[in-house]
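Q: Provided below are the primary sequence and the corresponding predicted coordinates.
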Amino acid sequence: MSAATIATESVAFAPRRRRRVPPSAYLAVAACVAVMAIMAAPLVFSFFASIETVTETSSAPHCLPHSFSLQNYLKVAGYQAGLATYVGNSTLVALMTIVACIALAAPAGYGLARFSTYGKEIAFLILLAPMMIPYQALLTPLYLDFAKFGLVDSRIGLAIVHTILQLPFSVYLMRNAFEAIPREIEEAAMIDGCSASRRLAYIFLPLAVPGLVTVALFAFINSWNEFLAALVFMNREFSFTVPILLVSVRTGDHGAVDWGALQASIILSIIPCLVVYLALQRYYISGLLSGAVK
Amino acid sequence: MRAQRSRQLQGWLFIGPALLFVALFVLVPLAQLVATSLTDRSLLGGGRFIGVENYLRIWRDASFWRALAFTVQYTIVLTPILMGLGYALALLTFDNTPLKRLTRTIVFVPVIIGLSSSSLLWFWLLDEQVGLFNKLLVDLHVLKEPIVWFVSADLAFWAVVISITWKVVGFGMVLFVSGIQSINPDIVEAAIMDGASYWSRVRLIILPLTRRILLLTTLVSAIGSMLAFDQFYIMTSGAPRGQTFTAVYWIYQNSFVSFKLGYSSALSVVLTLVILVLAALQIALTVRSEAA
């Protein structure tokens, strides 16, 4: 039908060509290699710079490392309150965000997918609200509220903000994951007298593991990388997360930029994301497709 | 009847906690935001009701309009670059050969790293003394000598655009690849049989059939750019002379640097309204494509 129409249309526009082994295939390979080189170069060179001696990193620009040393990493390890504190803060905030997202979004997704509640559409819209109301605009009132409850400079406070950010996506994803599970399975369990919460725990959650992994993965990466809320809420040295540490390293102790320490901390900040992404790439891409654009 | 009512209740019990969370941490703060925007609250206290005075002040605030115009300019310049390059990369890599899969994986890596990490990385690459990007341009004879990117608002603007293009071009690419892959191969096959050239296939088949995903990705990307903050905070600090403040940066500046809380709340309300329009469009489109 439409295939034929489109095909004849394109013939009308395009000059007819003889078919042969396309040299374009070689061109495509060359293009791919060039693209990979351009995209990888900044990270590779940053890594090279990070493993040089301090003096080499701050000398004239060069691609390959002139020396090998872990000075820069050692410097970052002992920076201010110590790298362990900052990595610990970031990790804890990310873990709390993951737990909160799953604890809130899994039941909500189940309720939305499996119960014909009055006003369900409105509930769904409210749950998607944080997508429409930018959290950047809510930071002022949140800061004032959090200050009253001791949630400023608190990992719990920052985890709450990160959960706000992640919740709409998580609910949306869990709802879709539960909707994809055949109703017959649930009906069989109902006949056996299995309660709703037991059905969620023993039937739905195990079948929705890919969805849960995706929710956790996005919560981790977005919390680990989030900058503005961490900048606003974490003001004391001991409460910094990794992105705030980066900016602090750049400013340095003496005003001049410490390029070596900066490269080392950039590389350190990237490694967890890179590992998680390479291990769970499939989940990440599928989440991106179902979440950002259906 | 009773069974149905208890099922109603159960449904709400499952949705309840998430609703409560959103109410407590999104809807209540939103109401507080609107309330504060009608007062002269500052760090010292205040909080006197002054009606729409803050909004009238926004109307007269040249700095705010400059920040908003700058943000819009940034969005209008960046979005077509990201969509165009992302689409070109998708056309290059959509078939699943190992080389092309690898290319996609590598192009996507910058998307998953932090904006603060990538901004600092480019801050280093663009530096006039130790930066490799300047060296590359000099070696290629594009430049006579390294340039200082962050002294002029125009150069700083392009520095950020370059870094963000590297950072997020993979986002569009991945979405476009999925769009192109979901096209029925018979259609493309038939066009090839009829001798349609590569470009006419792209123009007349692939582009029209991926129009919706292109539109949606454009919206998602534009919303992201309208809310830009990290990259400017880190790379330009709003300098020179506040010419590279974005809308969110200007709010941050008012709230957390000069503590004009009432005024910054009014600014936040205005920003929310702008984003609301774009997000509503995005959701309407998503729901429509879900129904289709």
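A: Cool, got the structure. Residues are numbered from 1 along each chain as shown, chains lettered A, B, ... in the order given.

Q: is it true that B:P110 touches B:W166?
A: Yes. B:P110 is in contact with B:W166 according to C-beta atoms under 8 Å; the separation is 5.8 Å. The C-beta positions use only the backbone N, C-alpha and C, and glycine is treated the same way.

Q: Check the contact lists of those two and give me the overlap.
A: Shared contacts of B:P110 and B:W166, defined by C-beta atoms under 8 Å, 6 or more residues apart in numbering or on different chains, are found at A:M39, B:S118.

Q: Of these two, which one has the most company?
A: B:P110 (25 against 20; other C-beta atoms under 10 Å in any protein chain shown).

Q: for the more buried one, what are its contacts?
A: A:M39, A:L43, B:S118, B:W166, B:K167, B:V168, B:V169, B:G170.

Q: Check the spatially closest residue to it that is not a sequence neighbour and give its pLDDT.
A: Leaving aside its sequence neighbours, B:P110 sits nearest to B:K167 (C-beta to C-beta, 6 or more residues apart in numbering or on different chains; 4.7 Å). Confidence at B:K167, expressed as pLDDT, is 97.

Q: what do you get for A:A12?
A: With respect to pLDDT, A:A12 scores 41.

Q: and if you look at A:A129?
A: At A:A129, the predicted lDDT confidence score is 85.

Q: So it is in contact with B:A23, correct?
A: No. The criterion here is C-beta under 8 Å, and A:A129 misses it with B:A23 at 9.5 Å.

Q: Which one's more surrounded, the two?
A: Neighbours were counted for A:A129 and for B:A23 using other C-beta under 10 Å; A:A129 has more, 18 against 13.

Q: Please list all residues in contact with that one.
A: Counting by C-beta under 8 Å, 6+ apart, A:A129 makes contact with A:P168, B:V22, B:V26, B:L27.

Q: if I pick the nearest residue to the third one once chain neighbours are set aside, what's in contact with it?
A: Computed as C-beta to C-beta, 6+ apart, the closest residue to B:V26 that is not its neighbour in sequence is A:P130, at 5.2 Å. A:P130 makes contact with A:I164, A:L165, A:L167, A:P168, B:V22, B:V26, according to C-beta under 8 Å, 6+ apart.

Q: Export those as TSV, with columns for secondary structure and neighbour count.
A: Listed next are the contacts of A:P130 as TSV, based on DSSP: H, G, I helix; E, B strand; the rest coil; neighbours: other C-beta atoms under 10 Å in any protein chain shown:
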residue	secondary structure	neighbour count
A:I164	helix	24
A:L165	helix	21
A:L167	helix	28
A:P168	helix	22
B:V22	helix	24
B:V26	helix	22
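
Q: which pair in these spans the largest distance?
A: Farthest pair in those (C-beta to C-beta) is A:L165 and B:V22. Separation: 11.9 Å.

Q: Between the contacts of B:P110, which sits nearest A:Q71?
A: Using C-beta to C-beta, the contacts of B:P110 come closest to A:Q71 at A:L43, 20.4 Å.

Q: Surely that closest one and A:C273 touch.
A: No. Counting by C-beta under 8 Å, no contact exists between A:L43 and A:C273, whose distance comes to 11.6 Å.

Q: Now do the SS call for the one residue sitting closest to the centre of chain A.
A: In chain A, the residue lying closest to the centroid (C-alpha atoms, centre = their mean) is A:I221, at 3.0 Å. When classified by DSSP: H, G, I helix; E, B strand; the rest coil, A:I221 comes out as helix.

Q: Kindly provide the distance from it to B:S63.
A: 34 Å (C-beta to C-beta, to the nearest Å).

Q: now B:G131
A: Plainly put, B:G131 is 31 Å away from B:S63 if you go by C-beta to C-beta.

Q: of those two, who's got more company?
A: Taking other C-beta under 10 Å, B:G131 and B:S63 do not tie; B:G131 has more neighbours (20 against 12).

Q: Look up the closest residue to the more buried one, ignoring the ones flanking it.
A: B:L125 (5.2 Å).

Q: so is A:A256 in a helix, a strand, or just coil?
A: When classified by three-state DSSP, A:A256 comes out as coil.

Q: check contacts around it.
A: A:A256 neighbours (C-beta under 8 Å, 6+ apart): none.

Q: now it: how far from A:V54?
A: 12 Å.

Q: just for chain A, where's the confidence low?
A: A:1-21, A:253-255, A:291-294 (pLDDT under 70).

Q: residues near A:D153, how many?
A: A:D153 has 17 nearby residues by other C-beta under 10 Å.

Q: what does the one 3 residues further on give?
A: When neighbours are defined as other C-beta under 10 Å, A:I156 has 14 of them.

Q: Which helix or strand contains residue 178?
A: Just so you know, I chose chain A. Here A:F178 sits within helix A:155-179, counting by DSSP states H and E.

Q: let's do chain B instead
A: With DSSP H and E as the test, B:S178 turns up in helix B:153-181.

Q: Beyond that helix, next helix or strand please.
A: helix B:185-193.

Q: Only alpha carbons, please: show that next one as PDB.
A: What follows is helix B:185-193, C-alpha atoms only, in PDB (Å, rounded to 0.1, in the frame of the first residue of the first chain):
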ATOM      1  CA  PRO B 185      12.500  -2.800   6.200                       C
ATOM      2  CA  ASP B 186      10.100  -3.900   3.300                       C
ATOM      3  CA  ILE B 187       9.400  -0.200   2.600                       C
ATOM      4  CA  VAL B 188      13.100   0.700   2.300                       C
ATOM      5  CA  GLU B 189      13.700  -2.500   0.300                       C
ATOM      6  CA  ALA B 190      11.000  -1.600  -2.200                       C
ATOM      7  CA  ALA B 191      12.500   1.800  -2.600                       C
ATOM      8  CA  ILE B 192      15.900   0.300  -3.300                       C
ATOM      9  CA  MET B 193      14.400  -2.000  -5.900                       C
END
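
Q: Let me know the pLDDT of the spatially most central residue of chain B.
A: In chain B, the centroid-proximal residue (C-alpha atoms, centre = their mean) is B:G224; its distance is 1.5 Å. Confidence at B:G224, expressed as pLDDT, is 94.

Q: so it, which of the three states?
A: Secondary structure, three-state DSSP: B:G224 is helix.

Q: Could you report the separation of it from B:V169?
A: In terms of C-beta to C-beta, B:G224 sits 13 Å off from B:V169.

Q: Check B:V248 too.
A: 22 Å.

Q: repeat for A:F47
A: From A:F47 over to B:V169 (counting by C-beta to C-beta), the distance is 21 Å.

Q: what about the two, which has more around it?
A: Shown here are A:F47 and B:V169; by other C-beta under 10 Å, B:V169 has more neighbours (23 against 15).

Q: pretty sure the more buried one contacts B:V107?
A: Yes. Assessed by C-beta under 8 Å, B:V169 is found in contact with B:V107 at 6.8 Å.

Q: and for these two, which residues touch both?
A: B:L89.
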